[in-house]
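Give the three-dimensional model of this entry:
(one chain, ligands or ions: 2)
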Amino acid sequence: MIHEACTILKETQTLFVLTGAGVSAESGIPTFRGSSGLWKNYSATELATPQAFKKNPALVWEWYHWRQSLIVNAEPNPAHYALVKLEEIMPHFLLLTQNVDSLHQRAGSRNILELHGNIFRTRCLRCDRVAPYKIPEKKSDKILPTCSCDGLLRPDVVWFGESIPHAIWQRAQDFLSHTDTALICGTSGVVWPAAAIPEIARQNNARTIEINLEPTPVSSIVDISIQGKAGDLLQQLISGLNQ
Ligand code: BV8
Ligand code: ZN
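Ligands and ions are numbered 1, 2, ... in the order given. Just a heads-up that it's a prediction; the model follows:
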């Protein structure tokens, strides 16, 4: 399987990569649907919604602060670094990530689109200002961060039920329209509209390769589905390309 995938990548000039939480798993970041995806018995899909934030902003901020502290203490893993290498090798490359953890950027990926926003940015509910955000040093009792305009800040991420940033979606579609190969990595393929990407790639006559620990709804529609850890398999792809 790795050999066939390498053969396809050797013939590839334009590579589109979609990543999900599985690519950050080996950095110790819990995935959304895996067993470690729970926090205080809440599932991510219960907390990552505008309704949850409206009902209990302090709880949702506590969850984001917990995730931010996990991420700042984590390092990019071999999967992230292999994708940086792929970007260096490929004449044309675009990485669309569903992850909000900045680990691709910290590893050195450059041509990257964040489909679901970024956990280290906030947006003001009153003035819409977007700004970088670091967890407050001291655990202030005022857990709700506010803007200089006094408006309540929210994480600048796309919650369930919120639309995807149109410009980002459009740029991904434009790139897919002339993509030779789409590599779908570490995503369960259940969150829309990202889950539509493999089918869109196929409709654009791209070859499709999936890397995941287990079979997903995507596995039956891609050309090659390779099971295993993204960190191992992506590094094997790089070694295969260097031969
Ligand atoms: C929208 C940011 C519409 C927040 C996230 C049909 C069409 C349109 C919408 C819908 C639809 N059907 C349902 C919907 C609603 C919803 C949806 O998809 N629900 C799901 C649960 C059914 N979609 C939306 O709400 C989207 N909005 O389409 O709006 C609209 C239109 C107009 C006007 C109004 C609305 C917005 C979805 C974005 C949600 N935000 N994140 C935050 O992070 O806090 S999604 C969240 O899930 C993360 O971004 C995560 O990346 C993403 C997807 O999950 P995965 O990345 O796949 O992670 P998961 O845990 O699921 O799986 C991990 C995988 O990795 C597994 O397969 C595992 O096997 C594998 N793995 C683990 N370890 C490894 C590994 N693989 C390799 N190596 C390893 N080591
Ligand atoms: Zn403001």
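
For this structure, list the residues in contact with ligand 2, please.
Within reach of ligand 2 by Cβ under 5 Å from the ion, the chain has these residues: 124, 126-127, 129, 147, 149, 151. Quick note: C-beta positions are derived from backbone N, CA and C, even for glycine.

By neighbour count, which of those wins?
residue 124 (20 neighbours; other Cβ atoms under 10 Å).

Please provide the alpha-carbon coordinates for the host helix or strand of residue 169, formatted as PDB.
Following DSSP states H and E, the helix or strand that holds residue 169 is helix 166-176. Coordinates of each C-alpha in helix 166-176 appear next as PDB, following Å, rounded to 0.1, in the frame of the first residue of the first chain:
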ATOM      1  CA  HIS A 166     -16.500  31.100   3.000                       C
ATOM      2  CA  ALA A 167     -13.200  32.500   1.600                       C
ATOM      3  CA  ILE A 168     -11.300  29.500   3.000                       C
ATOM      4  CA  TRP A 169     -13.700  27.000   1.700                       C
ATOM      5  CA  GLN A 170     -13.600  28.700  -1.800                       C
ATOM      6  CA  ARG A 171      -9.800  28.700  -1.900                       C
ATOM      7  CA  ALA A 172      -9.800  25.000  -1.000                       C
ATOM      8  CA  GLN A 173     -12.300  24.300  -3.800                       C
ATOM      9  CA  ASP A 174     -10.300  26.300  -6.300                       C
ATOM     10  CA  PHE A 175      -7.100  24.300  -5.400                       C
ATOM     11  CA  LEU A 176      -9.000  21.000  -5.500                       C
END
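
Give the other helices and strands that it contacts.
Using 3 or more Cβ pairs under 8 Å, 6 or more residues apart in numbering; DSSP states H and E, the elements in contact with helix 166-176 are strand 14-19, strand 92-97, strand 112-114, helix 197-203.

What about the residues of the chain next to ligand 2, which are in strands?
Taking DSSP state E, the ones among the residues of the chain next to ligand 2 that sit in strands are residue 124.

so can I have CSV of the residues of the chain next to ligand 2 showing pLDDT?
Below are the residues of the chain next to ligand 2 laid out as CSV (pLDDT from 0 to 100):
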residue, pLDDT
124, 98
126, 98
127, 98
129, 97
147, 95
149, 96
151, 96
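
picking that back up, and the average pLDDT for the helix holding residue 169 is what?
Across helix 166-176, the average pLDDT comes to 98.

cool, stretch 204-219 as well?
For stretch 204-219, mean pLDDT rounds to 97.

Next: stretch 40-54.
Mean predicted confidence for stretch 40-54 is 91.

What residues sit buried inside it?
44, 46-49, 52-53 (16 or more other Cβ atoms under 10 Å).

one step back: of the residues of the chain next to ligand 2, which are in range of ligand 1?
The overlap between these and the neighbours of ligand 1 (Cβ under 6 Å from any ligand atom) is empty.

what's the burial count for the nearest residue to residue 25 once chain neighbours are set aside?
Of all residues not flanking residue 25 in the chain, residue 31 sits nearest, at 5.4 Å (Cβ to Cβ, 6 or more residues apart in numbering). Neighbour count of residue 31, defined by other Cβ under 10 Å: 20.

One more: residue 60?
Around residue 60 there are 23 other residues, counting by other Cβ under 10 Å.

which element is it on?
Using DSSP H and E, residue 60 falls within helix 57-72.

In terms of secondary structure, what does the very next helix or strand once past that helix contact?
Elements were assigned by DSSP H and E; along the chain past helix 57-72, the next helix or strand is helix 78-89. Identification of packing neighbours for helix 78-89 by 3+ Cβ pairs under 8 Å, 6+ apart yields strand 14-19, strand 92-97, helix 103-107, strand 181-185, helix 230-242.

run the last query once more with 10 Å
Applying 3 or more Cβ pairs under 10 Å, 6 or more residues apart in numbering; DSSP states H and E, one finds that helix 78-89 contacts helix 2-10, strand 14-19, strand 92-97, helix 103-107, strand 181-185, helix 230-242.
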